[in-house]
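[1] Here's a sequence, model it:
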Amino acid sequence: YDDDSVTSGVEYCYTVTAVYDEGESEDSNEDCATATDPGSIVGLSVTNGSSDVGAADNISIDMDNEDPVAGFQFELSFDPDIASIIAVETTDRTEGFMLSANDGIIIGFSLTGEVINSGTGPIVAVTVEGDSPGDAESCLDDIVLADSDGDAMFSTAECGEYTVNDVPPPDAIELPVGNG
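    So this is what the prediction gives:
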């Protein structure tokens, strides 16, 4: 059950009942909680890209944030699995950050207290190589964002699209086959 009409700072209490053909159950134990303000929600998105099989293209992970972000971790995946991440690099917004990538998991943070200031634009430049032809959705999963106090930040994410084109190798020779 989602109650989307709550007010921050107000305590809400809920009980549950089950309804059967024979009637209704007694109320469950009451559970109470105080609604908290999630703060501003950070928007993340993956840009579109395309390459040939064996070739590379650059895409980016973009961020739209009102509050400073001190660190991030997420998994970038392609579904179906038609491309591989070759490299990740910082952008103007993440200058001074340390980046690490392994098996699609990308981590970024600063050892000197730098933050991603409020704004909109790329935070990670990703070099992607096409492995097999097709169209894939490129999405972020398992997103973790933190502010400068180490507190978690809420986020949303939009997927991009990545296309790998099937092209014959440059030295391919076409041989006509005829009826003998």
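[2] ok, now which ones touch the nearest residue to Ser148 once chain neighbours are set aside?
    In space, and not counting its chain neighbours, Ser148 is closest to Ala70: 4.4 Å by CB to CB, 6 or more residues apart in numbering. The C-beta positions use only the backbone N, C-alpha and C, and glycine is treated the same way. Going by CB atoms under 8 Å, 6 or more residues apart in numbering, Ala70 touches Phe109, Ser110, Gly113, Val115, Ile116, Ala146, Asp147, Ser148, Gly150.
[3] any idea how far Ala70 is from Leu145?
    Per CB to CB, to the nearest Å, Ala70 is found 9 Å from Leu145.
[4] Contact partners for the spatially most central residue of the chain?
    Closest to where the C-alpha atoms of the chain average out (CA atoms, centre = their mean) is Leu140, at 2.2 Å. Applying CB under 8 Å, 6+ apart, we find Leu140 in contact with Leu44, Val46, Ile61, Phe74, Glu75, Leu76, Ala157, Cys159.
[5] Which ones among the residues you listed lie within helices?
    Using DSSP state H, no member of these falls in helices.
[6] Which of these are buried? Put it as a PyMOL command.
    Of those, the buried ones can be selected in PyMOL as follows, counting by 16 or more other CB atoms under 10 Å:
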select buried, resi 44+46+61+74+76+159
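[7] who's Val53 bridged to?
    Gly130 (DSSP bridges).
[8] chain center to stretch 17-32, what's the gap?
    39 Å (CA atoms, centre = their mean, to the nearest Å).
[9] what is the mean pLDDT for stretch 155-164?
    For stretch 155-164, mean pLDDT is 97.
[10] Show me the helices in this structure, by range?
    Counting by DSSP H, the chain contains no helices.
[11] Report the residue spans of it with pLDDT below the cut-off.
    Filtered on pLDDT under 70, the chain yields the residue ranges 168-174, 180.
[12] switch to 90 and redo it
    1-9, 33-40, 166-180 (pLDDT under 90).
[13] Show me what counts as buried in stretch 35-54.
    Under 16+ other CB under 10 Å, the buried positions of stretch 35-54 are Val42, Leu44, Ser45, Val46, Thr47, Gly49, Ser50, Ser51, Val53.
[14] Not counting its neighbours along the chain, what's nearest Glu26?
    Counting by CB to CB, 6+ apart, the residue nearest Glu26 is Thr17, at 7.1 Å.
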